[in-house]
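Student: From the sequence below, what's the structure:
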Amino acid sequence: MTTTTRKTLILAALLALAPCTASWAQSVVIAQNAQPAPEATPAANAVTTKFDKAINNDENWYFSWGYSRQQYAPSDIRVSQPELGNDFTIRKAKGSDFPSSVGDTISSLFNLDFTNPQENIRIGKFLNPEKTFAVELNIDHSKYNVDYGQTVAVDGTAPNGITSMVVTPQNFNYALHNGLNHIMINAVWLHRLRGPEQKPGDLQLISRVGAGILLPHADNVIFGNANEVGPKNENVCCFKKNDWWQINGWTAGVEVGLRYRVYKSMYVELTNKIAYGVLRGVPVYKGTADQELWMNEQVLSAGFLF
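Tutor: Numbers count the residues shown, from 1 in each chain. Below is the predicted model of the structure:
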């Protein structure tokens, strides 16, 4: 057999095999594409399952309403009234809360007037199946008034060049008693102390850490001049100079206490909270006031899980 004949036979064989080779290659590609995707690792599956259970589980939300009392450390209050030529600071002013009576509080609740009592509202969501960690919205409707009858030092440029004064309703009526509102986002931890877990009789240690904004309503009279904001039904919130409530600062706080499950999804809670607040630009007549506050607060609340 000649060399030319040999080459001709080899070429013919290759041409005959070409369709089979192409078909085989195509089958390999299809088989590879048809292979299932790699399965997630057991650890990843466990995390996903745990998170899904936490999000979709029953009684994963909670709501509470509470009544509170506050105490305040003495603080400096700076008042700036450029049009009147005043820029002075009241030193170490003592202030108190403004609690309503039990009767007024109950009446306010029945009338749905939730801004009258010193109240606290919490709405939270658990983020783990054990219900030991949650994130919540915190609204503390606290109140603050500068106490009358105290003698305070006055620095800076004040009317008549005074350097001290006795606080009266006429010369320094400084009140945030229609709301020194702390609007906060809290991280919440719970630790079981005793009793059946997640059942009536369950006693838990609860702790919170949070921060947010201060939303006060300022009623004040500074040396005979009254500040006017509102009216409440027309200018409610939050950025105009005459709005009833205005964003005038920020706050941060920690809270510790006890939560006790009394019946199925109902609980009571008693906590103590310490918060630091910075107020800036609080409206006064022809000017603004600045203040830094330390607040100690006791909260008794009732809530339910859903």
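Student: How about the helix or strand where residue 138 lies, which residues are buried there?
Tutor: Per DSSP states H and E, residue 138 falls inside strand 133-146. Neighbour counts over strand 133-146 (16 or more other CB atoms under 10 Å) mark 134, 136, 137, 138, 139, 140, 141, 142, 143, 144, 145, 146 as buried. (Each C-beta comes from the backbone N, C-alpha and C, glycine too.)
Student: who touches the fifth one in this structure?
Tutor: Okay, so that is residue 139. Contacts for residue 139 (CB atoms under 8 Å, 6 or more residues apart in numbering) come out as 120, 121, 122, 181, 182, 183, 184.
Student: which two in these are spaced the farthest apart?
Tutor: 122 and 181 (14.0 Å; CB to CB).
Student: What's the first helix or strand after the strand holding residue 138?
Tutor: strand 151-157.
Student: Would you mind finding the longest strand in this structure?
Tutor: Of all segments of type strand in the chain, defined using DSSP state E, the longest is strand 172-194.
Student: quick one: strands adjacent to that one?
Tutor: Take DSSP bridges as the rule and strand 172-194 pairs in its sheet with strand 133-146 (antiparallel), strand 203-216 (antiparallel), strand 219-222 (antiparallel).
Student: how close does residue 104 sit to residue 173?
Tutor: Separation of residue 104 from residue 173 (CB to CB, to the nearest Å): 21 Å.
Student: do the same with residue 287
Tutor: In terms of CB to CB, residue 287 sits 15 Å off from residue 173.
Student: Cross-check the contact I'm expecting between residue 223 and residue 162.
Tutor: No: between residue 223 and residue 162 there is no contact under CB atoms under 8 Å: 9.5 Å.
Student: Looking at those two, which is more packed in?
Tutor: More crowded of residue 223 and residue 162, by other CB atoms under 10 Å: residue 223, with 18 against 12.
Student: picking that back up, could you dump the buried residues of strand 133-146 to JSON lines with pLDDT and distance to residue 281?
Tutor: As requested, these are exported to JSON lines (pLDDT from 0 to 100; distance: CB to CB, whole Å):
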{"residue": "134", "pLDDT": "98", "distance to residue 281": "33"}
{"residue": "136", "pLDDT": "98", "distance to residue 281": "28"}
{"residue": "137", "pLDDT": "98", "distance to residue 281": "25"}
{"residue": "138", "pLDDT": "97", "distance to residue 281": "23"}
{"residue": "139", "pLDDT": "96", "distance to residue 281": "21"}
{"residue": "140", "pLDDT": "96", "distance to residue 281": "21"}
{"residue": "141", "pLDDT": "94", "distance to residue 281": "21"}
{"residue": "142", "pLDDT": "95", "distance to residue 281": "19"}
{"residue": "143", "pLDDT": "95", "distance to residue 281": "20"}
{"residue": "144", "pLDDT": "96", "distance to residue 281": "16"}
{"residue": "145", "pLDDT": "95", "distance to residue 281": "20"}
{"residue": "146", "pLDDT": "97", "distance to residue 281": "18"}
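Student: Show me which of the residues you listed is closest to residue 197.
Tutor: Nearest to residue 197 among the buried residues of strand 133-146, with distances taken as CB to CB, is residue 134, at 16.0 Å.
Student: Neighbour count: residue 104 and residue 173, which is higher?
Tutor: Taking neighbours as other CB under 10 Å, residue 104 and residue 173 compare with residue 173 leading, 18 against 13.
Student: Just give the closest residue to that one, not the sequence neighbours.
Tutor: residue 221 (4.0 Å; CB to CB, 6 or more residues apart in numbering).
Student: Distance check, the one you found against residue 285.
Tutor: To residue 285, residue 221 is 8 Å away according to CB to CB.
Student: what do those two both touch?
Tutor: Contacts common to residue 221 and residue 285, judged by CB under 8 Å, 6+ apart, are residue 227.
Student: Help me confirm that residue 108 is found in a helix?
Tutor: Yes: looking at residue 108 with DSSP: H, G, I helix; E, B strand; the rest coil, it is inside a helix.
Student: so where is the stretch 51-200 of the chain shaky, pLDDT-wise?
Tutor: Applying pLDDT under 70 to the stretch 51-200 of the chain flags residues 51-57, 113-115.
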